[in-house]
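Q: just a sequence and a predicted model for now, questions to come.
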Amino acid sequence: MQILIKGARVLDPGKIDEKKDILIKNNLIEAIIDPIVDPTIDQIADLDENKTESGINVIDATGMIVVPGLIDIHVHLREPGQEYKENIETGLAAAARGGFAAVCSMPNTIPVNDNRQVTQFIIHRANELGLSKVYPTGAITQGSMGNTLAEIYDMKKAGIVAVTDDGKPVENSNLMRRALEYCKGLDMPVFVHAEDLSIVDGGSMNEGPFATAWGIKGIPNAAETIMVVRDIALCELTGAWVHFCHISTRESVEAIRQAKKRGARVTCETAPHYFTLTDEDVKDYNTNFKMNPPLRSEEDRQAVIQGLSDGTIDVIASDHAPHSVMEKDVEFDMAAFGIVGLETSLSLSLKLVNNGVLTLEALVNKMAKTPAKIIGLNNDIKPGNLADLTIIDPDHAYEIDPETFKSKSRNTPFSGLKVKGSAFLTMVNGRVVYQRD
Ligand SMILES: NC(=O)N[C@@H](CC(=O)O)C(=O)O
Ligand SMILES: [Zn+2]
Ligand SMILES: [Zn+2]
């Protein structure tokens with residue numbers, strides 16, 4: 001079977017930005033060709049030297065943009081252990097619908113992915129499903145308890161692409177130093193969940209006038225920034241690769257900007273909610289506005305946007321954190337931290353393009369190309385590469401409706417929001433894993 005994607009703008013930043021047709025054969029990009037005006041089977045068949053395959057499936061992508069398959073490097077799939085929130089199948093279906101050809105799964109499952117058996121299970125299950133791809137991350141410490149290093153080398157051999165104790169910080173600086181030194185030797189990034197738990201002290205939203213007004217205990221910016229600054233210091237001490245997860249404060253953005261200027265090996269991500277919402281939106285005590293780190297002030301939101309536009313923030317990742325009504329339909333301070341994001345991330349991020357903050361090239365870099373580099377992949381659109389592609393419909397205007405989610409969970413603060421632009425089709429290894437109805 002061959003597939004011809006016809007009539008689209010093909011955009012791979014720095015490589016190609018032209019109206020081209022793409023021919024896909026088996027699981028590979030076979031050819032990128034000048035648009036075929038009249039796609040008769042004969043013309044296309046000429047490209048197929050062996051002429052063994054007969055059927056050609058033509059996808060009309062007129063008015064759309066084909067980009068390298070998007071990759072979300074921060075996703076909680078919840079399997080094993082919390083399948084009532086999400087499982088690998090529903091999480092990957094949500095990824096595919098969101099335009100993501102691949103995701104990195106976070107290790108805070110039950111049991112924690114701190115050994116090769118769990119890693120192998122996740123990879124095996126994902127392969128069995130044949131939806132979007134999974135590149136697991138493994139824990140830094142056993143059980144992500146912060147005491148003893150996990151079997152990092154073993155997990156790397158089994159397929160992890162990074163380590164993280166996401167959900168928790170590594171509180172012990174010396175242990176973090178050893179983890180960084182170890183991972184430097186493996187040439188693997190360490191994903192940092194930057195949070196000083198002692199200063200969080202049970203808070204559940206951003207510390208500031210709104211938390212005070214509404215009687216919710218606050219979490220100061222410093223809870224994040226203290227650990228960002230510590231881990232920049234450890235990064236510069238060890239020369240290891242530190243990647244900061246879900247950056248939310250202006251001070252973190254500035255610290256990372258300065259570290260990069262000094263040549264430190266740091267990268268970072270933010271999530272769509274940090275450039276879309278603020279702590280003021282927590283009004284009504286709606287627990288779908290509760291996540292970790294919390295929504296910050298308008299000044300922080302602006303600093304995150306500035307960081308995205310000047311390149312300080314390398315990646316947009318959703319931090320897809322599904323929770324059921326059991327964890328969310330409770331008092332604000334009792335509710336779990338986290339929101340789903342796979343099925344809203346692209347539309348919310350395209351808003352940055354629609355309002356001129358980012359070029360489309362920059363967005364594709366932050367959602368496809370840089371994520372690929374971080375996890376050691378090459379997703380260039382070129383003949384011979386695996387056909388992992390996302391077709392973006394930039395004009396699709398719609399209202400976000402959690403009832404349409406493929407995810408098992410509905411904990412989004414974006415219900416009812418009107419957005420423009422979404423994934424029209426997601427292709428993985430030459431197979432269509434999602435196509436909009
Ligand atoms: N972001 C969140 O609010 N929650 C995440 C944990 C995490 O990403 O730190 C979760 O696993 O639910
Ligand atoms: Zn985290
Ligand atoms: Zn997370």
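A: All right, it came through fine. Numbering: from 1, shown residues only. Ligands and ions are numbered 1, 2, ... in the order given.

Q: tell me the domain ranges of this protein?
A: For the chain, automatic domain parsing gives the domain ranges 2-66+384-435, 69-374.

Q: lowest average pLDDT across those?
A: Ranked by mean pLDDT, the domains of the chain bottom out at domain 2-66+384-435, which scores a mean of 90.

Q: coming back round to it: now render the domains of the chain as CSV, adding mean neighbour count.
A: For every residue, glycine as well, the C-beta is placed using N, CA and C. Converted to CSV, these look like this (neighbours: other C-beta atoms under 10 Å):
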stretch, mean neighbour count
domain 2-66+384-435, 17
domain 69-374, 21
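
Q: can you say which of these is nearest to ligand 1?
A: Proximity to ligand 1 (C-beta to the nearest ligand atom) singles out domain 69-374 among the domains of the chain, at 3.2 Å.

Q: straight-line length of that closest one, end to end?
A: 15 Å (C-alpha to C-alpha, to the nearest Å).

Q: dump the domains of the chain to JSON lines, plus distance to ligand 1.
A: What follows is these, written out as JSON lines (distance: least, C-beta to the nearest ligand atom, whole Å):
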{"stretch": "domain 2-66+384-435", "distance to ligand 1": "10"}
{"stretch": "domain 69-374", "distance to ligand 1": "3"}
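
Q: mind putting the ones you listed into TSV with distance to ligand 2?
A: Formatted as TSV, the domains of the chain follow (distance: least, C-beta to the ion, whole Å):
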stretch	distance to ligand 2
domain 2-66+384-435	16
domain 69-374	4
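
Q: give me the residues contacting the one helix or strand S347 maps to.
A: Assigned by DSSP states H and E, S347 belongs to helix 345-354. If you take C-beta atoms under 8 Å, 6 or more residues apart in numbering as the criterion, helix 345-354 is touched by 70, 72, 98-100, 271-273, 275-276, 305, 308, 316-318, 320, 358-360, 363, 366-367, 392, 394, 398, 400, 414, 419-423.

Q: what's the answer for stretch 150-164, then?
A: Against stretch 150-164 from outside (C-beta under 8 Å, 6+ apart): 73, 104, 106-107, 113-116, 119-120, 123, 135-142, 179, 182-183, 186, 188-193, 243, 245, 374-376.

Q: just the CA trace of that stretch, in PDB.
A: Only the C-alpha atoms of stretch 150-164 are listed here, as PDB (Å, rounded to 0.1, in the frame of the first residue of the first chain):
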ATOM      1  CA  ALA A 150      17.500   3.500  40.200                       C
ATOM      2  CA  GLU A 151      18.900   0.900  37.700                       C
ATOM      3  CA  ILE A 152      19.400   3.600  35.100                       C
ATOM      4  CA  TYR A 153      21.800   1.800  32.800                       C
ATOM      5  CA  ASP A 154      19.600  -1.300  32.800                       C
ATOM      6  CA  MET A 155      16.600   0.800  31.800                       C
ATOM      7  CA  LYS A 156      18.600   2.600  29.200                       C
ATOM      8  CA  LYS A 157      19.400  -0.700  27.600                       C
ATOM      9  CA  ALA A 158      15.700  -1.500  27.700                       C
ATOM     10  CA  GLY A 159      14.800   1.700  25.900                       C
ATOM     11  CA  ILE A 160      14.400   4.700  28.200                       C
ATOM     12  CA  VAL A 161      15.400   8.100  26.700                       C
ATOM     13  CA  ALA A 162      15.700  10.100  29.900                       C
ATOM     14  CA  VAL A 163      15.400   9.900  33.600                       C
ATOM     15  CA  THR A 164      13.200  11.900  35.900                       C
END
